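Chemist: Fold the following.
(2 chains)
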Amino acid sequence: MKLILPLLALLVALLFAASLLIGPAGLGLGESLRALFRGEGEAMVLVMREIRLPRAILGLMAGAVLGLSGAAMQGYLRNPLAEPGLIGVSSSAALGAVLALQTGLAATLPLALPLAALAGAGASVLLVLVMAGPRGGALALILAGIALSALSGAVTSLVLNLSPNPFAAMEIVHWMMGSLADRSMSHVWLAVPFMVAGMAALLTLGRGLDALTLGEDAAQSMGVNLPRLRLVLILGTAASVGAAVAVAGAVGFVGLVVPHLLRPLVGARPSRLLPAAALGGAAMLLAADIATRLIAPDRDLKLGVLTALVGAPFFLHLIWRMRRVEA
Amino acid sequence: MTLLSLQNLTVRRGQCPVVDDVSLTVSRGEFVGLLGPNGAGKTSLLRGALGLLPAEGRSSLASLPPLARARAAAFLPQGREIAWPVSVEVLVALGRSPHGAADPTDPAVNRALARMGLTAFRQRRATELSGGEQARVLIARALAQETPLLLADEPVAGLDPEAQIRTMQVFADLAAEGHGVVAAIHDLGLAARHCSRLLLIHRGRLVADGPPREVLTDAALAEVFGIKGFHTETADGPVFQPMGLVR
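Modeler: Numbers count the residues shown, from 1 in each chain, chains lettered A, B, ... in the order given. You can find the predicted model right below:
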């Protein structure tokens, strides 16, 4: 059990390397590494440093963000069905991106799309905090998040519905499927600071989430400042998940499945689940992104489609097992 | 030495005061039973005293910063919530978190498990235990906090007779060792037998405060609970048994 974090870290390192070395350009191992580290071979340097490296970094970071924020959200709500999108950040970030695509802004400014998505995430957090109050309970937070998700979803559908341009509509639909293809280092520089800041905030919550195992009253009586914990959770999730959606689109199921899968391996302790879920999420997203390249190299299989396709049956299997234990 | 002092504590739900102008102090060495019918305000009094509910008046605990309060008083809530299938020792060790790390090998965890007769359970998953066993594990968590004061909301409800008596004896032992314990209790017999002092709450007001035989009078029982009871002194201590209704 103590080996779980080193093992997961090793898995992530291997998958990160694999993500760098696998791709349609079909470079050899030696020339890939020479191009990446020493800058030898002009075209290969371009492939390694401008295409594969940002893709691998974003896969690693977005996966870690989704796994970690899923674990934190489940810990706070004491519910294994919670996921990072619950407070409305994902759908609002997606709405921001969709508006950028629809207005054509995304085509004129290279970073307009992720910036618009970040703006959407920020707006959703302000709204959730206003609606659920700075000191409110978990229920108000969930309900405000659900309402906000529904609203963002409806506006997104409205944009699609009224879109005069079928190409823009197509682009929006494709973007919403989630992908890490064709991301540049400028995406990395834009998103990674938010992701790192958000994850650093979420990783501080371990002690409070452990205490919350016994309920809100017991946690507060053990010295946990609940309003502060909730604020850090909301802001950390919004910054990191907002940035993840901004660069990777809507990638479902990682934040739900990964904490669920790893919980038995860390003795169900929320504080130990946080780092494990971050590593597990990174591993899952890197693996899924590699799979999109291996399964259909020339069909641009979308990452979010694959994670849901694999994640949902897997989740059903977990429920099936849980049902037998509970019966 | 005073462990808890309340001055004119009032807790309101809307306009209606559920705890009405209660003043009291609890000192070292006291095992205080908090009595009153359902809805009398026992839980609100405990939560208000801890600062978990907004309250008027003054509470020595509520005015402390969260971590200092967690080292001054442990609280066992009425709702017995265990959200994740953690092991018993990990759960009990949560009581150590205000003192630093929630370490299952902490000697205080061993002491708490031993007091509640749970040493054999320490590796079991808490969520797979029976309701009464879970209740004992949660009491052990509060004991592991090793605070001067312990506030417990209906700690013995739903326990078997052995566990009830064991728990009451553990609390009486804690008081004898110089801690203070305040426990909301519905079983008047257990309260009369084990507590050193009883507080009687009726409609949010503190209506009686003193040793068991002075509080459990016929008049107070009829007025507050609407019951009559039988009491006697035996060689083993006071015995109280509710006998029937008066209204």
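
Chemist: Tell me how many other residues surround the one residue in the stretch 51-200 of chain A that gets nearest to chain B.
Modeler: Per Cβ to the nearest Cβ, residue A:78 is where the stretch 51-200 of chain A lies closest to chain B, at 3.6 Å. Yep, even glycine has a C-beta here, placed from its N, CA and C like the rest. A total of 19 residues lie near residue A:78 under the criterion other Cβ atoms under 10 Å in any protein chain shown.

Chemist: Tally up the residues packed near the residue lying closest to residue A:200 once chain neighbours are set aside, please.
Modeler: Once flanking residues are discounted, residue A:200 sits nearest to residue A:236: 7.9 Å by Cβ to Cβ, 6 or more residues apart in numbering or on different chains. Close neighbours of residue A:236, defined as other Cβ under 10 Å, add up to 23.

Chemist: Just the CA coordinates for the helix or strand containing residue A:236, please, in PDB.
Modeler: Using DSSP states H and E, residue A:236 maps to helix A:226-248. Only the C-alpha atoms of helix A:226-248 are listed here, as PDB (Å, rounded to 0.1, in the frame of the first residue of the first chain):
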ATOM      1  CA  LEU A 226     -15.200  24.700   6.900                       C
ATOM      2  CA  PRO A 227     -16.000  28.000   5.100                       C
ATOM      3  CA  ARG A 228     -12.300  28.400   4.300                       C
ATOM      4  CA  LEU A 229     -12.000  24.800   3.100                       C
ATOM      5  CA  ARG A 230     -15.000  25.300   0.800                       C
ATOM      6  CA  LEU A 231     -13.700  28.500  -0.600                       C
ATOM      7  CA  VAL A 232     -10.300  26.900  -1.300                       C
ATOM      8  CA  LEU A 233     -12.000  23.900  -2.900                       C
ATOM      9  CA  ILE A 234     -14.100  26.100  -5.200                       C
ATOM     10  CA  LEU A 235     -11.300  28.400  -6.200                       C
ATOM     11  CA  GLY A 236      -8.800  25.600  -6.700                       C
ATOM     12  CA  THR A 237     -11.200  23.500  -8.800                       C
ATOM     13  CA  ALA A 238     -12.300  26.500 -10.800                       C
ATOM     14  CA  ALA A 239      -8.700  27.500 -11.700                       C
ATOM     15  CA  SER A 240      -7.400  24.100 -12.500                       C
ATOM     16  CA  VAL A 241     -10.500  22.500 -14.100                       C
ATOM     17  CA  GLY A 242     -11.200  25.800 -16.000                       C
ATOM     18  CA  ALA A 243      -7.700  25.700 -17.400                       C
ATOM     19  CA  ALA A 244      -8.000  22.000 -18.200                       C
ATOM     20  CA  VAL A 245     -11.200  22.500 -20.100                       C
ATOM     21  CA  ALA A 246      -9.800  25.600 -21.800                       C
ATOM     22  CA  VAL A 247      -7.000  23.500 -23.400                       C
ATOM     23  CA  ALA A 248      -8.400  20.000 -23.600                       C
END
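
Chemist: And the contacts of the helix or strand harbouring residue A:211?
Modeler: Using DSSP H and E, residue A:211 sits within helix A:206-212. Helix A:206-212 has contacts (Cβ atoms under 8 Å, 6 or more residues apart in numbering or on different chains) with A:72, A:75-76, A:78, A:218-219, A:222-226, A:229, A:269-272, A:274, B:83, B:94, B:97, B:102.

Chemist: Give the rounded mean pLDDT of it.
Modeler: Average pLDDT, helix A:206-212: 96.

Chemist: for stretch B:122-140, same thing?
Modeler: Stretch B:122-140 comes out at a mean pLDDT of 94.

Chemist: near chain A at all, it?
Modeler: Yes: counting by Cβ under 8 Å from any Cβ of the partner chain, chain A has neighbours in stretch B:122-140: B:125, B:138.

Chemist: and the spatially closest residue to residue B:63 that is not a sequence neighbour, backbone torsions?
Modeler: Leaving aside its sequence neighbours, residue B:63 sits nearest to residue B:51 (Cβ to Cβ, 6+ apart; 7.6 Å). Note on residue B:51: backbone dihedrals following degrees, to the nearest 10 are phi 90, psi 10.

Chemist: Perfect, I'm done here.
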